[in-house]
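Asker: With the sequence up front, the predicted model follows.
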Amino acid sequence: MRLNLVRLSPCLALVFLFACGGNHSTNNAATPTPSAATGADAAVATRTYPGVGTVTALNPKAPSIEINHGDIEGLMPAMKMEFDVSDASLLNGLQVEDQIDFTIEDRTGVMRVIAIKKR
Ligand SMILES: [Cu+2]
């Protein structure tokens, strides 16, 4: 029994890694800017992406926002997901169901929303 478990766990770890590979954040890490992203530069490479979507939840305490968003070219397909926001004040005046334009900052795979505008 014990031997079986020991042999299984690395396999399970791999399974989880591959499962996570479907996540868009892994894609980001795999597509650094070809020219500038080497060494220390890669660690601070920051890109921004425009998005459009519908607010599905607001969490000013995190602060974070859940958005049902459309395709974000070069970053991820349409989905509903939660984003950290750079400042809780970005959520001021927003309500669930609001249509928004927003900007995602992607810092080497760490994403957060840095701007939100109601449509
Ligand atoms: Cu997403």
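Answerer: Cool, the structure landed.
Asker: all contacts plus neighbour counts: C-alpha atoms, from now on.
Answerer: OK.
Asker: quick one: low-confidence ranges for this structure?
Answerer: Of all residues in the chain, those with pLDDT under 70 make up the ranges 1-44.
Asker: can you give me the strands for it?
Answerer: Per DSSP state E, the chain carries strands over the ranges 46-59, 64-69, 79-85, 99-107, 110-118.
Asker: Let me know which of these is tucked in deepest.
Answerer: strand 64-69 (a mean of 21; mean count of other CA atoms under 10 Å).
Asker: Measure how it sits relative to strand 46-59, angle-wise.
Answerer: 100 degrees (axes from the mean of the first three to the mean of the last three CA atoms, to 10 degrees).
Asker: Tell me the strands beside strand 64-69, with direction?
Answerer: strand 46-59 (antiparallel), strand 79-85 (antiparallel) (DSSP bridges).
Asker: Output the ones you listed in JSON lines; the columns should cover distance to Asn92.
Answerer: Below are those laid out as JSON lines (distance: least, CA to CA, whole Å):
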{"stretch": "strand 46-59", "distance to Asn92": "10"}
{"stretch": "strand 79-85", "distance to Asn92": "12"}
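Asker: quick one, which of these is nearest to Arg107?
Answerer: strand 46-59 (4.4 Å; CA to CA).
Asker: which residues are contacting the closest one?
Answerer: 64-73, 75, 91, 95-108 (CA atoms under 8 Å, 6 or more residues apart in numbering).
Asker: Repeat the analysis, applying 7 Å as the threshold.
Answerer: 64-70, 72, 95-108 (CA atoms under 7 Å, 6 or more residues apart in numbering).
Asker: Same check on stretch 98-108?
Answerer: So stretch 98-108 is contacted by 28-29, 43-55, 111-119 (CA under 7 Å, 6+ apart).
Asker: and Val110, how far is that from Ser86?
Answerer: With distances taken as CA to CA, to the nearest Å, Val110 is found 12 Å from Ser86.
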